[in-house]
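Visitor: no sequence on hand, only this structure:
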């Protein structure tokens, strides 16, 4: 390993599919070492994972980093949002975690919205209207379907909380991740006792919310990871807030993240309260807000269509076919029971046209929320930052350019969630704001693709099909 200019830090991204770890030089942002290990996610009606495999995957990812991980002075964990982790009195999982893309709690989301004052109440109170992805709806589902597991639960955590607690021995979370639970009041930045009482969740089961810049704890004895006892542990945060840190994101710049889920978000100084439920009013990880819209179907859905067609994911052709790739139900638009829908198929339709239609349907859903996450005074001509696993795909880039009509910038830095966590860890050592750390590291640098004329005809066609098919999509097949 070449000599580092400054202390080393570790940033972790524990996502739906895998855990990734980066060892980063806090002075320069240079990635010294990295590792990755996969997770298993159940198939069928639910989406579940055993939290213990996240810990095992973290250990394997760190082992791949070699000696560099042992030299780290601080560590931070970014993780998939919303997942419900239920622990018993010994800290062991009561059952597999219910993940963000498990939509079985859609009926509970509707019921909770109706029972507690409607969408306006929830938006003003928590910043968001409950959707099936939100943790509070999963807790309500557990109460209804598995009351014995509910009674056995002595601690409730989010995925990144679980790993942080195994490192430190203390139950903590942060404002960015907890803002996606549905039981945290964004106006007061405290747990909402009325909501907790309504869903029968004792606040004593919840972790302490650590403030930005605060040390969550130190690495304790008795773990099997390559960290020295006493290594500083940062608060960590949810994956989107971590990526925003990793980009050093300032207000007014929009991000499109193309991963298992698709997200569009921007940093704002104003607390979001969207009663339509399109925009989730999340907090970010350093004191501002992160209005965000999320789709359940992004790269995995498009890749699935490519696999069904036997095509490479780049084998697209211009199309006038409409494909709504809602293979896992959908969150934006809020159609949790929907399935995929194809319109306009003819004898001469090619596989490449069908594949392009899948790209168009996925991007259309994200761009529909773009203006809603940006402040009114934001410059709509600035480049969109394109990140995530799909960001380097030519078909994704061209589809975003064509349907947005805006320039697109693709940061060269990879693993922005892990980099954001690393910047948070570095901030503990230097006293800097993590966003300033990331800007010093120049993580957002990358090529800018010029704007092209927006394809208004395609946007209108997809919107028309979505509107006309709404009753069918809403009916769907209820997974409850």
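Guide: Okay, I see it. Because the structure is predicted, anything quoted here is derived from the model rather than measured.

Visitor: what lies in contact with the helix or strand harbouring residue 457?
Guide: In this assignment (DSSP states H and E), residue 457 forms part of helix 456-475. Helix 456-475 has contacts (CB atoms under 8 Å, 6 or more residues apart in numbering) with 320, 322, 324, 326, 330, 333, 335, 337-338, 341, 343, 360-361, 364, 367-368, 402-403. The way it works is simple: take the backbone N, C-alpha and C, and place the C-beta from them, glycine included.

Visitor: repeat that for 6 Å
Guide: 322, 335, 338, 341, 343, 360, 364 (CB atoms under 6 Å, 6 or more residues apart in numbering).

Visitor: just how off-centre is that helix within its chain?
Guide: Put simply, helix 456-475 sits 26 Å off its chain's centre (CA atoms, centre = their mean, to the nearest Å).

Visitor: stretch 406-416 now?
Guide: 17 Å.

Visitor: what's the answer for stretch 398-415, then?
Guide: With CA atoms, centre = their mean, you get 19 Å for stretch 398-415.

Visitor: equivalent analysis for stretch 374-386, please.
Guide: 20 Å.

Visitor: where does pLDDT dip in the stretch 351-480 of the chain?
Guide: Applying pLDDT under 70 to the stretch 351-480 of the chain picks out residues 476-480.

Visitor: residue 300 - how many residues pack around it?
Guide: Counted by other CB atoms under 10 Å, the residues lying close to residue 300 total 20.

Visitor: how about residue 73?
Guide: 19.

Visitor: ok, now residue 229?
Guide: 10.

Visitor: in this protein, what helix or strand scores lowest on average pLDDT?
Guide: helix 370-373 (a mean of 86; mean pLDDT, DSSP states H and E).

Visitor: same question for that one: list its buried residues.
Guide: 370, 372-373 (16 or more other CB atoms under 10 Å).

Visitor: identify the residues contacting the following helix or strand past that helix?
Guide: Next along the chain after helix 370-373, taking DSSP H and E as the criterion, comes strand 384-387. For strand 384-387, contacts defined as CB under 6 Å, 6+ apart pick out 254-257, 406, 408-410, 416.

Visitor: what helices or strands is the following helix or strand past strand 384-387 leaning on?
Guide: Note on strand 384-387: by DSSP H and E, the next helix or strand toward the C-terminus is helix 394-404. Applying 3 or more CB pairs under 6 Å, 6 or more residues apart in numbering; DSSP states H and E, we find helix 394-404 packed against helix 351-367.

Visitor: chain center to the helix it packs on: distance?
Guide: 21 Å.

Visitor: and the residue of the chain most remote from its centre, helix, strand or coil?
Guide: Relative to the mean C-alpha coordinate of the chain, counting by CA atoms, centre = their mean, the farthest residue is residue 347 (39.3 Å). Put simply, residue 347 is coil when judged by DSSP: H, G, I helix; E, B strand; the rest coil.

Visitor: for it, give me the pLDDT.
Guide: pLDDT, residue 347: 97.

Visitor: just want the angle from the helix holding residue 457 to helix 394-404.
Guide: 100 degrees (axes from the mean of the first three to the mean of the last three CA atoms, to 10 degrees).

Visitor: pull out the buried residues from helix 456-475.
Guide: Quick answer for helix 456-475 (16+ other CB under 10 Å): 458-459, 461-462, 465-466, 469, 473.

Visitor: again, but for stretch 440-455
Guide: Neighbour-count burial for stretch 440-455 [16+ other CB under 10 Å]: 440-441, 443-444, 446, 449, 451, 455.

Visitor: next: stretch 417-437.
Guide: 417-430, 432-435, 437.

Visitor: what do you get for stretch 104-113?
Guide: 104-110, 112-113.

Visitor: do me a favour and get the end-to-end distance for stretch 175-186?
Guide: Counting by CA to CA, to the nearest Å, you get 9 Å between the two ends of stretch 175-186.
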